[in-house]
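Visitor: All I have is the shape, not the residue letters:
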């Protein structure tokens, strides 16, 4: 198992850049007061989706002569996000540069200089860390163990077929884990540009992703792009938060990958979760003790997990 450095996956930013609001909107809404006074009318441009050559989209909205841009910047630029970029400023600049090429914006030199310096606001950001394994089955086994044995303090767990999320309803930040290869298989209609080498990498990858919302960005002093310039410090900062996740023993996951019999896998998962005394009789446990030692060289007496409060064996 190898834990990569963090990358930036998704952004919602507001940049000061000259543009024609009518080009970057689907319409205009005018708000009048109760006296229908047009001199005091307020207007709001509707957001518009900008499609790249690889068919991915970013949503843009003109607000008070500034431009709000949201979406998966890296995927919009490159057609996939199996690989990534660790620089918020580079992503913002690359998108604005592409918008210039598309004739959508006309920034001044001063505006471009501000973007290059990261002098713009972030309203939402997704930070990802990829965990790579020696093979696909080991990655899937690890995700299974996260589902059954993973715990993050003060963040309730929500389990899906291809992932597990901690604090999903939080308005501050959410932590999720999912198998990147399966995500690609489930989203073929989105036409990600994935060659065989990238797909092979995705198949052995579990992605950890932190979605961070405005209030938490403010508390962490990460509201502006320039505050994301020290990449090494940010890598350590987010890994400290990721390390608070209580993970299952990875040695047990490696052992689980060797167990091909479905009944034995179910027994072993329940053993890891502390459920065997509830779900198996003494004779069955004794029989499994002998079988596991003979077939897998695993001494189940060395695995003495206490039953986590509120957990249930779901295999």
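Guide: Nice, I can see it. None of these values were measured; they are calculated from a predicted model. Numbering: from 1, shown residues only.

Visitor: low-scoring stretches of the stretch 151-300 of the chain, by residue?
Guide: 188-191, 248-257 (pLDDT under 70).

Visitor: for it, what spans make up the strands?
Guide: 157-160, 163-166, 173-179, 205-212 (DSSP state E, counting those that start in this stretch).

Visitor: Of all those strands, which one is nearest residue 68?
Guide: With C-beta to C-beta as the criterion, residue 68 lies closest to strand 205-212 of the strands of the stretch 151-300 of the chain, at 17.0 Å. C-beta: built from backbone N, CA, C; applies to glycine.

Visitor: Parallel or antiparallel, list what pairs with that closest one.
Guide: Strand pairing for strand 205-212, using DSSP bridges, gives strand 121-132 (antiparallel), strand 173-179 (antiparallel).

Visitor: Next, the angle strand 121-132 makes with the helix or strand that comes right after the longest one.
Guide: Tracing the chain C-terminally past strand 121-132 and defining elements by DSSP states H and E, one meets helix 136-149 next. For helix 136-149 against strand 121-132, the angle by axes from the mean of the first three to the mean of the last three C-alpha atoms, to 10 degrees is 120 degrees.

Visitor: Tell me how many other residues crowd residue 198.
Guide: Per other C-beta atoms under 10 Å, the neighbour tally for residue 198 reads 16.

Visitor: where's the residue positioned nearest the centre of the chain relative to residue 286, distance?
Guide: Centroid check for the chain by C-alpha atoms, centre = their mean gives residue 209 as the closest residue, at 2.9 Å. Using C-beta to C-beta, to the nearest Å, one obtains 43 Å as the distance from residue 209 to residue 286.

Visitor: same question, residue 247
Guide: The span separating residue 247 from residue 286 equals 30 Å under the rule C-beta to C-beta.

Visitor: again with residue 14
Guide: With the distance defined as C-beta to C-beta, residue 14 ends up 65 Å from residue 286.

Visitor: Neighbour count: these two, which is higher?
Guide: Neighbours of residue 14 and residue 286, each counted by other C-beta under 10 Å, are more numerous for residue 14; the result is 17 against 11.

Visitor: helix/strand/coil for that one?
Guide: Judged by DSSP: H, G, I helix; E, B strand; the rest coil, the three-state class of residue 14 is strand.

Visitor: follow-up on the earlier one: pretty sure the residue nearest to the centre of the chain is touching residue 125, no?
Guide: No: Residue 209 is beyond contact range of residue 125, at 10.7 Å (criterion: C-beta atoms under 8 Å).

Visitor: What mean pLDDT does stretch 86-95 get?
Guide: In this model, stretch 86-95 has an average pLDDT of 97.

Visitor: Just give the number of residues close to residue 164.
Guide: Residues within reach of residue 164, counting by other C-beta under 10 Å, total 21.

Visitor: Skip the chain neighbours and tell me the closest residue to it.
Guide: Spatial nearest neighbour of residue 164, chain neighbours left out: residue 147 (4.8 Å); criterion: C-beta to C-beta, 6 or more residues apart in numbering.
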